[in-house]
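Novice: need a 3D model of the sequence below.
(one chain, ligands or ions: 1)
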Amino acid sequence: MASPSVLEDRPAPLDAIADPPSLFDGTTRLYTSYVCPYAQRVWITRNFKGLQEKIKLVPLDLGNRPAWYKEKVYPENKVPALEHNGKIIGESLDLIKYLDNTFEGPSLFPEDHAKREYGEELLKYTDTFIKTVYTSLKGDPLKETAPVLDYLENSLYKFDDGPFFLGQFSLVDIAYIPFIERFQIVFNEFFKCDITAERPKLSAWIEEMNKIDAYAQTKIESKEILQIFKKKFM
Ligand SMILES: N[C@@H](CCC(=O)N[C@@H](CS)C(=O)NCC(=O)O)C(=O)O
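Specialist: Numbering: from 1, shown residues only. Presented below is the predicted three-dimensional model:
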């Protein structure tokens, strides 16, 4: 696997006793958590579009969150959220589209009508995919996840002009990778199962994803992922 060029400095997460930044001063901020897969989607998008200077990372310690975040920034009290032009926007799938449509940098959604339509379908399917896998962890994981993993494997055959879901790298790849990355690690460790076995397209897709620096920049240690899953989902 290719490792990231040079890792961007990661500011320390803000906890309950940290002061807020000077809110709504014109700075664009991504409120995030390094361990959150939803926030990771937005982080990858920001990196790929080259917005590191324009969008400042503000990581929070989710286990010991500052009260001002819910009170003054985002009443939902979740990450990710983006502070931009005097507003706060949440929800990772809305945010990756917002970043793609609002800021400069390479486009992350194709023009082609068939690809756009399929892209929307795959973005919708993320919810089913994620729920199925998380729920399976307390049931029969191999059996229950086979249909959703096969769905992704088959989707990767749809366009043959590149290894990504819509051929070229897009928001769809960004929406799935934080979750596939985690599920691959967790299934290997806890169930001795390789989710890419007999899924050659998924295997090749992960290999291609690992070459993308914007994503490599956002990875966390496997052992941290395993600890979180053990504590929260199993
Ligand atoms: N649907 C949201 C989900 C975001 C989410 O669940 N974030 C988690 C961290 S991974 C969070 O902030 N949890 C804090 C809480 O629920 O109190 C999205 O796609 O952005």
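
Novice: so who does Val58 touch?
Specialist: 11, 14, 21, 29-32 (C-beta atoms under 8 Å, 6 or more residues apart in numbering). Any C-beta I mention is one placed from the backbone N, CA and C, and that applies to glycine too.

Novice: any bit of the helix or strand harbouring it sitting next to the ligand?
Specialist: Element membership for Val58 (DSSP states H and E) is strand 55-59. No - using C-beta under 6 Å from any ligand atom, strand 55-59 stays clear of the ligand, with a minimum separation of 11.7 Å.

Novice: other residues contacting the next helix or strand after that strand?
Specialist: Following strand 55-59 in sequence order, the next helix or strand is helix 67-68 (DSSP H and E). Here helix 67-68 makes contact (C-beta under 8 Å, 6+ apart) with 16, 20.

Novice: mind checking the pLDDT average for helix 67-68?
Specialist: Mean pLDDT, computed over helix 67-68, is 98.

Novice: buried residues, stretch 200-217. List them.
Specialist: 201-203, 205-206, 209, 212, 214-217 (16 or more other C-beta atoms under 10 Å).

Novice: repeat that for stretch 141-158.
Specialist: Buried residues in stretch 141-158 (16+ other C-beta under 10 Å): 141, 145, 148-149, 152-153, 155-156.

Novice: which positions in the chain make contact with the ligand?
Specialist: 33, 36, 38, 62, 77-80, 91-92.

Novice: circling back to that earlier point, from the chain's centroid, how far away is the strand holding Val58?
Specialist: Centroid separation for strand 55-59 versus its chain: 15 Å, with C-alpha atoms, centre = their mean, to the nearest Å.

Novice: list the neighbouring strands of it plus their orientation.
Specialist: strand 28-32 (parallel) (DSSP bridges).

Novice: pLDDT score for the residue nearest to the spatial centre of the chain?
Specialist: For the chain, the residue sitting closest to the mean C-alpha position, by C-alpha atoms, centre = their mean, is Arg41 at 2.8 Å. With respect to pLDDT, Arg41 has a value of 99.

Novice: swap in the one 3 residues further on?
Specialist: Per-residue confidence for Ile44 comes out at a pLDDT of 98.

Novice: tell me how many other residues crowd it.
Specialist: 25 (other C-beta atoms under 10 Å).

Novice: and it, how far from Lys124?
Specialist: 19 Å (C-beta to C-beta, to the nearest Å).

Novice: can you check Ala39 too?
Specialist: 20 Å.

Novice: of these two, who's got more company?
Specialist: Set Ala39 next to Lys124 and count neighbours by other C-beta under 10 Å: Ala39 wins out with 26 against 11.

Novice: isn't the more buried one right next to Gly90, touching?
Specialist: No - taking contacts as C-beta atoms under 8 Å, Ala39 lies outside contact range of Gly90: 10.5 Å.

Novice: picking that back up, from the buried residues of stretch 141-158, pick the one nearest Phe183.
Specialist: Thr145 (7.6 Å; C-beta to C-beta).

Novice: where's that closest one, which helix or strand?
Specialist: Going by DSSP H and E, Thr145 is part of helix 141-155.

Novice: ok but the residue nearest to the centre of the chain is inside a helix, no?
Specialist: Yes - assessed by DSSP: H, G, I helix; E, B strand; the rest coil, Arg41 belongs to a helix.

Novice: not including adjacent chain positions, what is the nearest residue to it?
Specialist: Ser92 (4.6 Å; C-beta to C-beta, 6 or more residues apart in numbering).
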